[in-house]
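Enquirer: sequence unknown, structure follows:
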């Protein structure tokens with residue numbers, strides 16, 4: 001399995017991760033025609049150095065949301081136990097961007113925690 005993400009979105013996500021550092025940031029990914037094209041930054045989120053808290057009732061009902069993204073302010077892309085629990089609740093694809101927030105420091109996972117390949121498209 002492979003997940004596709006638009007280069008412009010990927011560059012924006014990398015910049016968001018850098019700007020939130022040393023805290024995590026998070027968002028929900030909108031997919032169009034099989035490609036992640038947009039991000040909805042978590043509304044009224046509480047962003048910490050090791051976690052993000054938010055009220056899921058503030059999320060809009062949006063059938064184009066097919067994944068999530070969040071950063072890790074450490075150089076580890078492996079999902080934590082809390083990440084895996086979150087993945088199981090929201091389904092779809094989950095992208096983790098690890099420090100130093102470069103294209104090579106990105107990994108994507110299915111809801112069960114299995115890694116999937118990331119393809120950047122222009």
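Expert: Perfect, thanks for sending it. Predicted model, so just to flag it, every value in this text is computed and none were measured.
Enquirer: could you measure from residue 97 over to residue 61?
Expert: 26 Å (Cβ to Cβ, to the nearest Å). Where C-beta positions appear, they are placed from N, C-alpha and C, glycine not excepted.
Enquirer: out of those two, which sits in the busier spot?
Expert: Set residue 97 next to residue 61 and count neighbours by other Cβ atoms under 10 Å: residue 97 wins out with 24 against 5.
Enquirer: list the contacts for the more buried one?
Expert: 13-14, 17, 69-72, 77, 105-106 (Cβ atoms under 8 Å, 6 or more residues apart in numbering).
Enquirer: let's see 6 Å
Expert: Shown here is residue 97, whose contacts under the criterion Cβ atoms under 6 Å, 6 or more residues apart in numbering are 17, 71, 106.
Enquirer: and it, bridged to which residues?
Expert: For residue 97, the beta-bridge assignment (DSSP bridges) gives partners residue 71, residue 106.
Enquirer: tell me the buried residues in the longest helix that the chain contains?
Expert: In the chain, with assignment by DSSP state H, the single longest helix is helix 7-20. By 16 or more other Cβ atoms under 10 Å, the buried positions in helix 7-20 come out as 9-10, 13-14, 16-17, 20.
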